[in-house]
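*Asks:* kindly return the folded structure for what I paste below:
(chains A and B)
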Amino acid sequence: MTSNGEATEIFRTIADLLDLLGEKFKPEAYRRAARSLESLTEDLGAVAARHELRSIPGVGEAIEEKIEEYLRTGSVSYYERLKREIPAGLVDLMRLPGLGPKTARRFWVELGVEGPSELRDAIAAGRLVGMKGFGEKKIEQIRSALDSAAAGPGTSSRRPIEEVYPIAHALVAALRGSTGADRVEVAGSFRRARETVGDLDILVTSKDPAKAFEVFTAHPLVGEVKMRGETKETVVLRDGLQVDLRVVRPEEFGAALQYFTGSKDHNVRIRSLARERGLKVNEYGVFRGEERVAGATEEEVYGCLGLAWIPPELREGRGEVEAAAHGALAPLVAEADLRGDLHVHLSPEARTDELEQAIAEARARRYRYLGVVVAGVLGDGRAWRLPEATRSKLRELAPSGIQMLRGLETGPGPVPSELASVPFDFRIRRPTTDRAVPPSAPDGSPPPVLIAHVGSSVASDAAALTHWVEFARRDRAAIEVGPGAERLDSTAGRQALDAGVRIHLPTGLSAGPEDPARVVALGLARRAGARPDAVANARSESGVSGASSGSGPGPPKRSSRDPPRSRSGTKPPP
DNA sequence: GCCGTTTTCGGCCCGACTGTTTTCAGTCG
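*Replies:* Coordinates of the predicted model:
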């Protein structure tokens, strides 16, 4: 684990332990610091070396000292002391659904229970019966939570957003297609395009809430109904994902969407800003005293706090509220900005019809260029190339103004001799293994325009990531950001952007229109704070010069002919 | 424990829901 990751875990556990001690505000302070460390784009040691730990949101004097102690010694004495005081099993108990720190602490104090297995024994021995606040139902609930926990991590863990995307799409489509719901939006971390999603929050307006719940509950994906109130229903899907449906009134929809989109840190900032202005914000609206002054749209809610509307992908409490207050939010890249794709992979034996299909899709999206990977080296070092017929078809198939380019994808180092005869317009580089570190100086072969297949194992290794970003900066190459283990996530993407490196987004051309990769990649790019001009394939020019086979392409150039940027899209997935 | 363009002290989001209650505590998001 990286030092950032390990420090995050330490502070998160400190928060839980302090919760068990009944501390009121400290746990939240440690959690806030943990969240900040988790999303830090840089190695903690580097920040500490510059004496800038205090600039991290939620890190003050005390936590700064603990981080320094951790970096120096590998442990935090305060944490070690808490662990000696409080049995580790209590943390497991309070993390069970339906149990919290108060209940776990009572089991410890009143029953001497120190962990899940002892609690199971206590229940079996009937020792919970008669405890104040514990009826038959509550005890059964706990027993069931213990059983599910024993069965494995299962349902409570977060999953990749690209995996959840089709599910969200299906549920939203069903609700939109019914008479039970008018407006339907997914809120939560899904709308913020977080890499992983723990559950789905769906918000609807409805003239007939009962009908909305009925349509939702009857959906084939839904397994069991966990809870149902007048305005809210919680279900667990057959695959274990939890989904909340909330029905709100139209005049409250914007406030509810804002509220349930979060993040928590963002909302805390919004609320304290409102308080400073004598206003109150909740999920029903913005209020001055009893009077509602906003609520129907998010724009209204932000507007009456003196803020520009903030894209959901930025709502993490990392300074976006202050930026919005000063009108300093830059427009983010949007779907309409995409102009092409420099990384179209066809299957190795692709026939011309597969190529034609990708071009038809590109034409439908009005792309201006397409870089098709015609040959390359796989991660395991084996060379491959598209069939000769497909390669020679490339230029013929571009009658409608789409510039067709041939890409060669290789590892660091010179072009392998077995690929030397393949004509190409531009080069893509990939690490030969996930951990491969690129050469520190140019090796004489054409510089790549794109660095791709830089995977999650690089992103989680601060030194390797810094190295690849520096490599991209030196060669003025773009680096690919998107879902999946072979692309950078938004945190790594932000680091690349901070270093002045452009990113390239997958467009899912050859995977068909339903492929979530494009929408998800766009969300991650926006989350990284990417403006249109920082996205290599959101430019009118391909960034690949001329067609001189085998010669090096020029570095991506800034174009003064780029049309004015479209207004940054506000449309959340799906 | 953190934080401040009214504060260096005194705040810290707040409402729904559940299960257990004669009016509320705990959990969750």
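*Asks:* now the longest helix that chain A contains: buried residues?
*Replies:* If you go by DSSP state H, chain A has its longest helix at helix A:3-20. Using 16 or more other Cβ atoms under 10 Å as the test for burial, helix A:3-20 gives A:3-4, A:7-8, A:10-20. Every residue, glycine included, has its C-beta placed from N, CA and C.
*Asks:* and what of stretch A:197-210?
*Replies:* Quick answer for stretch A:197-210 (16+ other Cβ under 10 Å): A:V197, A:G198, A:D199, A:L200, A:D201, A:I202, A:L203, A:V204, A:T205, A:S206, A:P209.
*Asks:* after the longest helix of chain A, next one along is what?
*Replies:* For helix A:3-20, the following helix or strand on the C-terminal side (DSSP states H and E) is helix A:26-38.
*Asks:* roughly how far is the helix or strand following that next one from the heart of the chain?
*Replies:* Using DSSP H and E, the helix or strand that follows helix A:26-38 in sequence is helix A:44-49. Relative to its chain's centre, helix A:44-49 lies at 24 Å (Cα atoms, centre = their mean, to the nearest Å).
*Asks:* now tell me what touches helix A:44-49 from outside.
*Replies:* Helix A:44-49 has contacts (Cβ atoms under 8 Å, 6 or more residues apart in numbering) with A:S3, A:N4, A:A7, A:L37, A:L40, A:L53, A:S55, A:I56, A:I67, A:E68, A:L71, A:A462.
*Asks:* just the closest of the residues you listed to A:G523, please.
*Replies:* A:L40 (20.1 Å; Cβ to Cβ).
*Asks:* any idea how far the closest residue to DNA strand B within the stretch 301-450 of chain A is from A:A328?
*Replies:* Residue of the stretch 301-450 of chain A nearest DNA strand B, by Cβ to the nearest atom of the strand: A:E322 (7.4 Å). The gap separating A:E322 from A:A328 is 8 Å, by Cβ to Cβ, to the nearest Å.
*Asks:* please apply the same query to A:A46.
*Replies:* Counting by Cβ to Cβ - A:A46 and A:A328 are separated by 25 Å.
*Asks:* quick one: the helices in the stretch 251-400 of chain A?
*Replies:* Secondary structure of the stretch 251-400 of chain A (DSSP state H, counting those that start in this stretch): helices at A:253-261, A:264-276, A:298-303, A:320-325, A:352-364, A:388-396.
*Asks:* what residues does the stretch 151-300 of chain A put near DNA strand B?
*Replies:* A:188, A:199, A:201, A:227-232, A:242, A:244, A:260, A:264, A:267-268, A:271-272, A:275-278, A:280, A:282-284 (Cβ under 7 Å from any atom of the strand).
*Asks:* mean confidence for the one helix or strand A:K211 maps to?
*Replies:* Following DSSP H and E, one finds A:K211 within helix A:209-217. What helix A:209-217 shows for mean pLDDT is 89.
*Asks:* check which element follows that helix along the chain.
*Replies:* strand A:222-228.
*Asks:* does A:V520 sit in a helix, a strand or a coil?
*Replies:* Using DSSP: H, G, I helix; E, B strand; the rest coil, the structure places A:V520 in helix.
*Asks:* what distance do you get for A:E65 to A:Y78?
*Replies:* The value you get for A:E65 to A:Y78, if Cβ to Cβ is used, is 9 Å.
*Asks:* shaky segments in the stretch 101-250 of chain A?
*Replies:* Counting by pLDDT under 70, the stretch 101-250 of chain A shows low-confidence ranges at A:152-156.
*Asks:* so what pLDDT did A:V437 get?
*Replies:* Here, the pLDDT recorded for A:V437 equals 56.
*Asks:* quick check: A:T507 touching A:N537?
*Replies:* Yes: the criterion here is Cβ atoms under 8 Å, and A:T507 meets it with A:N537 at 7.2 Å.
*Asks:* need the overlap of contacts for the two.
*Replies:* With Cβ under 8 Å, 6+ apart, A:T507 and A:N537 have common neighbours A:L338, A:D341.
*Asks:* can you pull out the helices in the stretch 451-574 of chain A?
*Replies:* For the stretch 451-574 of chain A, helices defined by DSSP H, counting those that start in this stretch occupy the ranges A:456-459, A:462-475, A:490-498, A:517-527.
*Asks:* minimum distance to A:A181: which of those has it?
*Replies:* helix A:517-527 (21.6 Å).
*Asks:* what is the neighbour count of the residue in the stretch 201-350 of chain A that DNA strand B sits nearest to?
*Replies:* Closest approach between the stretch 201-350 of chain A and DNA strand B, counting by Cβ to the nearest atom of the strand: A:G229, at 2.2 Å. Per other Cβ atoms under 10 Å, the neighbour tally for A:G229 reads 10.
*Asks:* just want the phi and psi numbers for it.
*Replies:* Main-chain torsions, A:G229, degrees, to the nearest 10: phi -120, psi -160.
*Asks:* roughly how far apart are it and A:V247?
*Replies:* Separation of A:G229 from A:V247 (Cβ to Cβ) stands at 10 Å.
*Asks:* number of nearby residues for the nearest residue to A:E61 once chain neighbours are set aside?
*Replies:* Sequence neighbours aside, A:R54 is the residue nearest to A:E61 in space, at 7.7 Å (criterion: Cβ to Cβ, 6 or more residues apart in numbering). A count of nearby residues for A:R54, using other Cβ under 10 Å, gives 12.
*Asks:* spit out the contact partners of A:L17.
*Replies:* A:L82, A:K83, A:E85, A:I86, A:V91.
*Asks:* what number of residues lie near the third one?
*Replies:* Using other Cβ under 10 Å, the number of residues around A:E85 comes to 10.
*Asks:* do the first one as well
*Replies:* A count of nearby residues for A:L82, using other Cβ under 10 Å, gives 17.
*Asks:* you'd agree A:R228 is up against A:A212?
*Replies:* No: A:R228 is not in contact with A:A212 according to Cβ under 8 Å; the separation is 11.8 Å.
*Asks:* which one of these two is surrounded by more residues?
*Replies:* Higher neighbour count among A:R228 and A:A212: A:A212, with 25 against 12, using other Cβ under 10 Å.
*Asks:* look up how far A:R194 lies from A:G58.
*Replies:* 18 Å.
*Asks:* before we move on, what about A:T2?
*Replies:* Counting by Cβ to Cβ, the gap from A:T2 to A:R194 is 19 Å.
*Asks:* more neighbours, these two?
*Replies:* A:R194 (22 against 17).
*Asks:* ok but that one is inside a strand, no?
*Replies:* No: counting by three-state DSSP, one finds A:R194 to be coil, located in no strand.
*Asks:* and it, what is it in contact with?
*Replies:* Residues in contact with A:R194 (Cβ under 8 Å, 6+ apart) are A:I161, A:R527.
*Asks:* and the residue nearest to A:F287 when sequence neighbours are not counted, how far from A:Y302?
*Replies:* Counting by Cβ to Cβ, 6+ apart, A:K280 is the residue found nearest to A:F287 once chain neighbours are left out, at 4.7 Å. Separation of A:K280 from A:Y302 (Cβ to Cβ): 15 Å.
*Asks:* looking only at neighbour counts, state which of those two leads.
*Replies:* More neighbours surround A:Y302 than the other of A:K280 and A:Y302, with 21 against 15 (other Cβ under 10 Å).
*Asks:* that one contacts A:A324, correct?
*Replies:* Yes: A:Y302 lies in contact with A:A324 (Cβ under 8 Å); the separation is 6.9 Å.
*Asks:* where do the contact lists of those two overlap?
*Replies:* Common neighbours of A:Y302 and A:A324, using Cβ under 8 Å, 6+ apart, are A:A308, A:W309, A:I310.
*Asks:* out of the residues you listed, which are buried?
*Replies:* Using 16+ other Cβ under 10 Å as the burial test, the shared contacts of A:Y302 and A:A324 include A:W309, A:I310 as buried.
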